[in-house]
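Novice: below: sequence and its predicted model.
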Amino acid sequence: MSLRSIVLLGATGSIGRSACRVAADFPDRVRIVGMSGFSNMEQLAAAANHLRPAVLAVPDGRSAADLRTRLDYEPREILTGEEGLCRLASLEEADMVLVAIVGTGGLRPTFAALEAGKDVALASKEVLVVAGELVMAAAARRGCRILPVDSEHNAIFQCLEARDPAHVKKLILTASGGPFRTWPEDKLRAVTREEALRHPTWRMGEKITVDSATLFNKGLEMIEARWLFGVGIERVDVVIHPQSIVHSMVEFVDGSVLAQLSHSDMRFPIQYAFTWPDRLAGSLPPLEFAKLGRLDFEEPRCDVFPALDLARQAAERGGVLPAVLNAANEVAVAEFLASRIAFPRIWDIVASVMEQTPDHPASDLAALLEADRAARESARRLAAA
Ligand code: NAD
Ligand code: MG
């Protein structure tokens, strides 16, 4: 593999910071040519001063001026707004774009990258939940690859490589179960923000950490898997695996199962996406099985954590429903993080918004964005009630 030029969208987030560490590990293989940040200019400047991308993108002119005072080099350009993000995603010299923007903010930049013929390393699962069919079609049309960065999907991608899709029986996503895996149902009403943000195995951004506590993260991932690997939702299973060492598995028609294992550190899937199809020796620690001792697996408690059933329903109804589930969840999580609603209300709000929404085909991006907007409005209304 030669040098790969990569743009980092969401360089200041949890995934973005891990991506910077991977890039710093392989200066001969990975060159960061562009970076975006949204609210933390100090962090963006620190990352940019280290990796010196030619082009940067920030939300507005004020942030751009702030960023400029913090840079110790002269970038070629600082772009602004969503338009700027899309231009960064289609940067001439880029081979690959990492999309690691939380929520649906990554949607338009992902399309821009694909339209410009870039391979996409995709962390933002919301993009596929909202517009999976359109995104996969755009990638196919332009002959671009989507390399999954979400650890479960990166694991499945590794297990499926060079295999005949006809031999696959099902995909088995592992889930840590989050901080409330063993909690009795009646205690969940009083869950605090701090408790929900204390993930047992992963350090991540706030939104995905709450999603991991409700299991909506796994629900979103079921839909993500459905599009990435082109299988029906009925062939996507979830098993709880509290140690987060087995990142996911593929069961084949002969009953054999392949799994991918590593420590729970997002640099593993990011490195694989950045250096694919090569495997490079870097700084990541190997597993020591005798020290791990044991790996546990259990059924998810779907009665207490309804997120998996809701996601399955959304996928089965299809059309705009996955986008509706995603939008209602984004609003409900923000309301919970602002301490305005109790934890179990996240499930109630998503379920109610889904119930209120009539089935509608996801014919184009406009239909999806309209469903997203309406779902957000309904979710806000329910949260305020
Ligand atoms: P984070 O909150 O730590 O970072 C989010 C990034 O997005 C930041 O760089 C922020 O500046 C930027 N951003 C936020 N709102 C934006 C907007 N409106 N426009 C442009 N940029 C914006 O989030 P994270 O944990 O790094 O997660 C990023 C994505 O990756 C999410 O979709 C998440 O589901 C997915 N993911 C994360 C992990 C993980 O370990 N953190 C694992 C798997 C998948
Ligand atoms: Mg994941």
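Specialist: That came in fine, so what should we check first? Ligands and ions are numbered 1, 2, ... in the order given.
Novice: for the rest of this, base every contact and every neighbour count on C-alpha atoms.
Specialist: Noted.
Novice: list the contacts of stretch 33-45.
Specialist: Taking contacts as C-alpha atoms under 8 Å, 6 or more residues apart in numbering, the residues outside stretch 33-45 that touch it are 5-12, 48, 52-59, 63, 66-67, 70-71, 85, 88, 91, 93-94.
Novice: give me the buried subset of the residues you listed.
Specialist: Burial by neighbour count, judged by 16 or more other C-alpha atoms under 10 Å, picks out 5-12, 48, 52-59, 63, 67, 70-71, 85, 88, 91, 94 from the contacts of stretch 33-45.
Novice: please go through the residues you listed and note which also touch ligand 1.
Specialist: Subset of the buried ones among the contacts of stretch 33-45 in contact with ligand 1: Gly10, Ala11, Thr12, counting by C-alpha under 6 Å from any ligand atom.
Novice: who touches stretch 90-103?
Specialist: Stretch 90-103 is touched from outside by 4-11, 13, 15-16, 33-34, 89, 106, 109-110, 112-113, 115-124, 126-127, 207, 330, with contacts defined as C-alpha under 8 Å, 6+ apart.
Novice: just the ones in strands from those, please.
Specialist: Secondary structure from DSSP state E places Arg4, Ser5, Ile6, Val7, Leu8, Leu9, Val33, Gly34, Asp119, Val120, Ala121, Leu122 of the contacts of stretch 90-103 in strands.
Novice: so the third one makes contact with Pro27?
Specialist: No - Ile6 lies out of contact with Pro27 (C-alpha atoms under 8 Å); the separation is 11.8 Å.
Novice: what's the local residue count around the residue nearest to Leu365 when sequence neighbours are not counted?
Specialist: Spatial nearest neighbour of Leu365, excluding adjacent residues (C-alpha to C-alpha, 6 or more residues apart in numbering): Ala131 at 7.3 Å. Here the neighbour count serves as a burial measure; for Ala131 (other C-alpha atoms under 10 Å) it reads 25.
Novice: swap in Glu194?
Specialist: Residue neighbour count, defined by other C-alpha under 10 Å, stands at 10 for Glu194.
Novice: so which elements touch the strand or helix carrying it?
Specialist: Assigned by DSSP states H and E, Glu194 belongs to helix 193-196. In this structure, helix 193-196 makes packing contacts with helix 206-214, judged by 3 or more C-alpha pairs under 8 Å, 6 or more residues apart in numbering; DSSP states H and E.
Novice: and the helix it packs on, average pLDDT?
Specialist: For helix 206-214, the mean per-residue pLDDT is 97.
Novice: and for stretch 72-86?
Specialist: Averaged across stretch 72-86, pLDDT comes to 98.
Novice: okay, and the beta partners of Gln260?
Specialist: For Gln260, the beta-bridge partners are Ser248 (DSSP bridges).
Novice: wait, it sits on Cys159?
Specialist: Yes - distance between Gln260 and Cys159: 6.8 Å, which falls inside the contact criterion (C-alpha under 8 Å).
Novice: now list whatever residues contact both of these two.
Specialist: Residues within reach of Gln260 and of Cys159 at once, by C-alpha under 8 Å, 6+ apart, are Met249.
Novice: low pLDDT regions in this protein?
Specialist: Under the criterion of pLDDT under 70, the regions of the chain flagged as low confidence span 1.
Novice: quick check: residues of it near ligand 2?
Specialist: Remark: the part of the chain in contact with ligand 2 comprises Asp150, Ser151, using C-alpha under 5 Å from the ion.
Novice: got the residue ranges for the strands in the chain?
Specialist: Listed from the start of the chain, the chain has strands (DSSP E) covering 4-9, 30-36, 55-58, 77-80, 96-99, 119-122, 146-148, 168-175, 236-240, 246-252, 257-261.
Novice: and the fifth one, which strands flank it?
Specialist: Here strand 96-99 has these sheet partners by DSSP bridges: strand 4-9 (parallel), strand 119-122 (parallel).
Novice: same deal with the second one?
Specialist: In the sheet containing strand 30-36, the strands it pairs with under DSSP bridges are strand 4-9 (parallel), strand 55-58 (parallel).
Novice: CA atoms only for it - export them in CSV, please.
Specialist: Extracted C-alpha coordinates of strand 30-36, given in CSV (Å, rounded to 0.1, in the frame of the first residue of the first chain):
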residue,chain,number,x,y,z
VAL,A,30,-1.3,7.9,6.3
ARG,A,31,-1.2,11.6,5.6
ILE,A,32,-4.0,13.8,7.1
VAL,A,33,-4.9,16.4,4.4
GLY,A,34,-8.0,17.9,6.0
MET,A,35,-9.7,18.1,9.4
SER,A,36,-12.9,19.5,10.8
